[in-house]
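S.K.: Any chance you can model this:
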Amino acid sequence: GFLFEYDPYWWNEDVYVESPTLERPMHYTFKYPEPDEITPEQIAYFTEMITAVEQSLYNGTYANYIDVHSFAVWLLSHDLLGTRDSAGSNYYLTKYDSTPASKVMMANLWDFDTALLCDERWSTLHGVFYFKNLFDSENQAFLREYVELYDAVAPTFYNEIDDWLEQLSASALAAQMEEAVKWDGIRWNEVRTPFPEEIENARQWFARRKVWMDAAIDELRLQILPTTIKRPSDDEALKTYYNLHGQRISMPKRGINLKNGKKYVVR
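M.R.: Numbering: from 1, shown residues only. Down below sits the predicted model:
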């Protein structure tokens, strides 16, 4: 198997495989096997495999080559956190073995120093790497997985992270962090935001993030609506609303609704 990176610093490595189709000047390097242990046969297999993976992003067959769920989990995590960086050491992937049954998976999340910096927009990662092609593909498996995953985690995520931040603010760790922040400012002769203020800023950021993400996910959901929703008569349409699942509702809800076959937005 392989643990590998889509690496912006590939030129530092003795062994790498060029990305065959992606536009960015980044290539694949290896964490396992180690570069001095990887065999020519493994390099040949990996090159053929990754070429098929990248090509599948364009022809819609990607579900045969990648674990769609792991890609959705990885990206949604960064979108929830509003990560700004997209070209650092971010993209780690795995393949368990050299058989067709083993699909490429996104590995551990990495590089959070730019979290909470994409306000009212997707993480920068959302439109790069494999993800632009996955969202644009005629095969909507990834889009559906991503939206369904958000629907599964959103009812609890924001409350849980707010509760955690509130508990953190009253903890011994917060007091230690405040001391560390003070000395870090002294070390670099810079003014640092007090740690309690950072916690409150984070709580407010996630509150805003929920509003923005809910609306943004509704926009994505609109792309996968079935086309068989019965259109109401003109008289009915004047007083009839539907949600994005095609269900009739008595009153429009905050976000995107459907009315007379068109989007109706309540802010």
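S.K.: all contacts plus neighbour counts: C-alpha atoms, from now on.
M.R.: OK.
S.K.: dump the residue contacts of the residue most central in space within the chain.
M.R.: Central residue of the chain (C-alpha atoms, centre = their mean): residue 75, 1.7 Å from the mean position. For residue 75, the contact set (C-alpha atoms under 8 Å, 6 or more residues apart in numbering) comprises 125, 126.
S.K.: looking at this, it is in a helix?
M.R.: Yes - under DSSP: H, G, I helix; E, B strand; the rest coil, residue 75 falls within a helix.
S.K.: Quickly note the distance from it to residue 264.
M.R.: 28 Å (C-alpha to C-alpha, to the nearest Å).
S.K.: Could you do residue 30 as well?
M.R.: From residue 30 to residue 264 the distance is 49 Å (C-alpha to C-alpha).
S.K.: before we move on, which element is residue 92 in?
M.R.: Residue 92 is part of strand 91-95 when elements are defined by DSSP states H and E.
S.K.: following that strand, which helix or strand shows up next?
M.R.: strand 105-106.
S.K.: and the next helix or strand after that next one, how far from the chain's centre?
M.R.: Past strand 105-106, further along toward the C-terminus, the next helix or strand under DSSP H and E is helix 131-136. Chain-centre distance of helix 131-136: 11 Å, with C-alpha atoms, centre = their mean, to the nearest Å.
S.K.: which parts of helix 131-136 are buried?
M.R.: 131, 133, 134, 135 (16 or more other C-alpha atoms under 10 Å).
S.K.: Pull out the buried residues from the next helix-or-strand element following it.
M.R.: Per DSSP H and E, the first helix or strand lying C-terminal to helix 131-136 is helix 141-169. With burial defined by 16+ other C-alpha under 10 Å, the residues of helix 141-169 counted as buried are 141, 142, 143, 144, 145, 146, 147, 150, 158, 162, 165, 169.
S.K.: residues contacting the fourth one?
M.R.: Taking C-alpha under 8 Å, 6+ apart, we find residue 144 in contact with 221, 224.
S.K.: Likewise for the second one?
M.R.: For residue 142, the set of contacting residues under the criterion of C-alpha under 8 Å, 6+ apart consists of 68, 69, 72, 134, 135.
S.K.: Can you read off the pLDDT for it?
M.R.: For residue 142, the pLDDT comes out at 98.
S.K.: How many residues are close by the nearest residue to residue 102 once chain neighbours are set aside?
M.R.: Sequence neighbours aside, residue 96 is the residue nearest to residue 102 in space, at 5.8 Å (criterion: C-alpha to C-alpha, 6 or more residues apart in numbering). Per other C-alpha atoms under 10 Å, the neighbour tally for residue 96 reads 13.
S.K.: Next one, pLDDT for residue 96 please.
M.R.: Here the pLDDT value assigned to residue 96 is 97.
S.K.: out of the buried residues of helix 141-169, who's nearest residue 53?
M.R.: residue 142 (14.4 Å; C-alpha to C-alpha).
S.K.: if I look at that closest one, how far off is residue 63?
M.R.: Taking C-alpha to C-alpha, one finds residue 142 at 8 Å from residue 63.
S.K.: And residue 154, by the same measure?
M.R.: Counting by C-alpha to C-alpha, the gap from residue 154 to residue 63 is 25 Å.
S.K.: List the buried residues of the helix or strand harbouring residue 206.
M.R.: Element membership for residue 206, per DSSP H and E: helix 195-223. Neighbour-count burial for helix 195-223 flags 195-196, 199, 202-203, 205-206, 209-210, 212-216, 218, 221-222 (criterion: 16+ other C-alpha under 10 Å).
S.K.: Residue 256 reaches residue 265, doesn't it?
M.R.: Yes - the pair residue 256 / residue 265 is scored as a contact, 4.6 Å apart, by C-alpha atoms under 8 Å.
S.K.: follow-up on the earlier one: in terms of neighbours, single out the busier of residue 30 and residue 264.
M.R.: Between residue 30 and residue 264, counted using other C-alpha under 10 Å, residue 30 has the larger neighbour count: 22 against 18.
S.K.: buried ones in stretch 11-26?
M.R.: 16, 17, 18, 19, 26.
S.K.: How far away from the center of its chain is the helix holding residue 206?
M.R.: 14 Å.
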